[in-house]
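**Q** I would like to see how this sequence folds:
(2 chains)
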Amino acid sequence: MAEAMLAADGTPLKRSLARALRRQKLRALALIAPLLLFVLITFIVPIASMLFRSVENEIVANTLPYTVEALADWDATGTDLPSDATFEAMFYDMFIAAEAKRHTRLGTRLNYETTGVSSLFRQSGRRMDDVADISYEPLEDLDKAWDDGATWYALFNASGDADQALLSEQRGRVARLSGSDASADINFAPDAQAAALLPLAAREYTAWAVYVATQDNRDPAERDPWEAVAPALVTDLQTADLSGYSGPMADMLRTAQQANLTVPNFTREFADMDEDWATLEPWQTIQTHAGTYTPGYFLNAIDAQKTPEGIAWQPEEKQILLTLFGRTIWMSLLITFSCIALGYPIAWLLANLPMRKANVLLILVLLPFWTSLLVRTSAWKVMLQQQGVINDVLVWVGLVADDGRLIMINNQFGTIVAMTHILLPFMILPMYSVMQTIPPSYLRAAKSLGATNWTAFWRVYFPQSVPGIGAGSILVFILSIGYYITPEIVGGTKGVFISNRIAYHISSSLNWGLAAALGTILLAAVLVLYWAYDKIVGIDNVKLG
Amino acid sequence: MKLTKTLLATTALTLASGTAFADGHMASDMTLVSWGGAYQNSQQKAYVEPYLADNPGVTAVWDESSAEAVAKLRAMNEAGSVTWDVVDVVAADAIRLCDEGLALEIDADEDLAAAPDGTSASDDFGDLLVSDCFIPQIVYSTTFGYRTDLVGDTAPTSVCAVFDTDAYPGKRSLEKRPINNMEWALLCDGVAKDDVYDVLATDEGQQQALDKLATIKDDVIWWSAGADTPQLLADGEVVMGSTYNGRLFAAIEEQDQPIGMLWDAQVFDLDGWIIPTGLSPEREARARDFIKFATDTQRLADQAKYISYGPARASSAPLVGQHAELGIDMAPHMPTDPDNAQNTFLYNYEFWADYRDDIDAKFQAWLAQ
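**A** Numbers count the residues shown, from 1 in each chain, chains lettered A, B, ... in the order given. Next up is the predicted model:
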């Protein structure tokens, strides 16, 4: 049996070696750690979180939790409105959302899907108090003490066992609704007995208490609750059995129960607020888009949409994004090819001229590179517009009539010209560095063996320059597919790219979900093309220098 | 003896309250967000410089980000670090910021100065308080300018000249978005002014507006920056084009371009301040203090010395004087001047908040056809 070899300090040599190597690796890792962290924090994390928005859709369930639950088994494809219980749930959800000013945010989100939801939510949010007052005012008339926050606090604050489950449930509701922490200590715990007897009112009171304590930093014992507790209490009293109840406010509760106060007819109240609530559309929208994660933005990004009946195309007059994707790729290819056509001879010249002349030429290539992008683009505007330099010269020479000036800008032609000019250095530089490495003696050898100029170029020189073309093409294509500012300025209506739509959705319509979906698709398209390029040409054949 | 005591006591109180306000509760620097250019300059001259003179030790920094204010504020809010103190936005953006909970709600009578005659701020601003978060500054309008030397003998007097390529051949510039263009198209297609938004709320009405725009589609250069139309007019690229009235004023009066104003069917819009939510109490107090000063009657009237936008307060209108450098009377150049405002439109905020995304998608698809 072979003895394990030992290192000087007695540990097995293998382990000692592995440890030394590991230390070396760690040291290497520590060296690149700053860069790695920098890239992770400033590049990958923001992009990943932005792309995540393309599927994230928590806002609906967070803002309207009980409505979403009540709508779960409603048949959106039928002709019946949701149940009265759904309208009731909507009232309580909407009430607290309006207090937290979240209903308008949800309205904006759902307005991307159904036009009109934005103002429906904004206006309805203002009317929630009126609905609550239907129960609140009679209750107050019955006994002034109901108008005092202390009454409610005494009724629901735990005198015996506390209902911790209810408390933590409502903490979760408030936290999800407001998007901020709701776990701070509060001077309130719902009473288990009251919560069992008056479940809805206890729920709404607890939600309010959690909200004022954690969001407004107020003591619930000293504040008056939202009016929404009144309809909740009146609803509970219709079925509550108070015979065995001897807790706080027992007499007041009995009087209120005997008074048989009216519960608002939520269905009718919502319909009175806005007739749209009595139609299927807002409810279908809420149900269809209730999921925490949604494919909806991706569907929108390819001119489709989620409907109660399943996935459908957008109406024809709204379809634009697929066209734009196609156009972006097609025009990027055109730009890449015109860069190759213009850049190849220049790169060849650069590689074959004497050093001194080549340097001057190289500076000319790089000069526009050092000029602001906006300046270059605007310069093209001056050149190409109808009253611009080129048209003026053509009219002066007599090639074009004064009333027949050429339209060269605010269309695809303008975009292609300006972007070819701007991206040309990215094509020339890799080509030049590859061509520099091709020995001129190869061409001379081919010619000495009887090849014509063309054959020598096409059979000997060109194949060796292909890696440069490949590198330049990838650079130019990927840059142009995501280009934004130049198409915006010179593109007019038919020369704009998908990135102009992304910019619109980021900064104007604020539909970040759709913008993220478009961006993700664009990224995927680039990766697919890269993969295809690797399969066809081989990425190893690409040389940047 | 008694008098001295009282005097001492009140002095001490005044000092205490004074310092409490100046140092204890208010931040000493603020970041103002605006649009840059002549407009920001008018704000600098009319409010910021006087405010800084009254409050030594306070510094103000400008950020020219109003065009992307909503998106940037949303991003700042999500990141939990709002670096702006007061933000100048158009009313539609203020409504959106208010909807998203990104702007503070303002109580006009409590937070803003009353008019010199005692009229409360809410009455003085009147209907222009279109959102709970919005403090209006100016009324501006989007309207048309035309090249006086390119329109022939009869200068256009109606907005429908834009759609009349026989009488006024040549290119026109329109903004590359549906807002305003759709309204003008319907007006010139025979829809009554009061019915425009009812019609535009239907699919058929939207199609009708696009069909009308289609009659001049080949003659339109679409702009996206307010400076485009004055430039296109100056170059003779277009015979007429829409832009903000202040831009046209600058081209006509300051640069002497051969441009005429077509005030017909101008669309009024509002621009004003909002205070972002999520500021520290000190910064919020400073922002409120500044806003109260910057939107009082005199300050709003002063702004009209530098730019031809109408002050948002009724009480400021009589105080509008002459241009600070050109020395011309500013009143006739205001979009709100009775001669100019014979036929006007007020931007319908509610309508566009609902229909903006829908109609924009259709408009862009139509453009791309």
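**Q** enumerate the residues of chain A near chain B.
**A** A:100-102, A:104-105, A:107-108, A:111-112, A:115-119, A:122, A:314, A:317-320, A:323-324, A:327, A:385-387, A:410, A:488, A:492-494, A:496, A:501, A:504, A:506-511 (Cβ under 8 Å from any Cβ of the partner chain). Glycine gets a C-beta too; all of them are placed from N, C-alpha and C.
**Q** show me which of the residues you listed are buried.
**A** A:100-102, A:104-105, A:107-108, A:111-112, A:115-119, A:122, A:314, A:317-320, A:324, A:327, A:385-386, A:410, A:488, A:492-494, A:496, A:501, A:504, A:506-511 (16 or more other Cβ atoms under 10 Å in any protein chain shown).
**Q** dihedrals phi and psi, the residue of the stretch 201-350 of chain A found nearest chain B?
**A** Scanning the stretch 201-350 of chain A for the residue nearest chain B gives A:Ile320, at 3.9 Å (criterion: Cβ to the nearest Cβ). Backbone torsions for A:Ile320, taken as degrees, to the nearest 10, come to phi -150, psi -30.
**Q** how about the contacts made by it?
**A** A:Asp303, A:Arg501, B:Ala361, B:Gln364, B:Ala365, B:Ala368 (Cβ atoms under 8 Å, 6 or more residues apart in numbering or on different chains).
**Q** cutoff 10 Å now
**A** A:Ile320 is in contact with A:303, A:314, A:498, A:501, B:361-369, counting by Cβ atoms under 10 Å, 6 or more residues apart in numbering or on different chains.
**Q** closest one to A:His421 out of those, please.
**A** Of all these, A:His421 sits closest to A:Ile498, with 21.5 Å by Cβ to Cβ.
**Q** give me the neighbour count for that closest one.
**A** 27 (other Cβ atoms under 10 Å in any protein chain shown).
**Q** rewinding a little: inside helices: which ones of the residues of chain A next to chain B?
**A** Using DSSP state H, A:104-105, A:107-108, A:111, A:117-119, A:122, A:323-324, A:327, A:488, A:501, A:504, A:506-507 are the members of the residues of chain A next to chain B that sit in helices.
**Q** so is stretch B:95-103 next to chain A?
**A** Yes - using Cβ under 10 Å from any Cβ of the partner chain, stretch B:95-103 reaches chain A at B:Ile95, B:Arg96, B:Cys98, B:Asp99, B:Glu100, B:Gly101, B:Leu102.
**Q** endpoints of that stretch, how far apart?
**A** Taking Cα to Cα, to the nearest Å, stretch B:95-103 runs 9 Å from one end to the other.
**Q** what mean pLDDT does that stretch get?
**A** Taken as a whole, stretch B:95-103 has a mean pLDDT of 90.
**Q** before we move on, what about stretch B:188-203?
**A** Per-residue scores along stretch B:188-203 average to 94.
**Q** which residues touch it?
**A** A:115-116, A:315, A:317, B:158-164, B:178, B:182-187, B:205-206, B:208-209, B:211-213, B:215, B:265, B:343-345, B:348, B:350-352, B:354-355, B:358-359, B:362.
**Q** quick check: which ranges of the stretch 201-350 of chain B have low pLDDT?
**A** In the predicted model of the stretch 201-350 of chain B, no residue satisfies pLDDT under 70.
**Q** what about the strands in the stretch 101-250 of chain B?
**A** Applying DSSP state E, counting those that start in this stretch to the stretch 101-250 of chain B gives strands spanning B:135-147, B:172-175, B:220-223, B:240-244.
**Q** which of the ones you listed sits closest to chain A?
**A** Comparing those by Cβ to the nearest Cβ, strand B:220-223 comes nearest, at 5.7 Å.
**Q** now that closest one, how far from the centre of its chain.
**A** 22 Å (Cα atoms, centre = their mean, to the nearest Å).
**Q** hmm, back to that, closest to A:Leu333 out of the contacts of A:Ile320?
**A** Nearest member of the contacts of A:Ile320 to A:Leu333, counting by Cβ to Cβ, is A:Ile498, at 14.3 Å.
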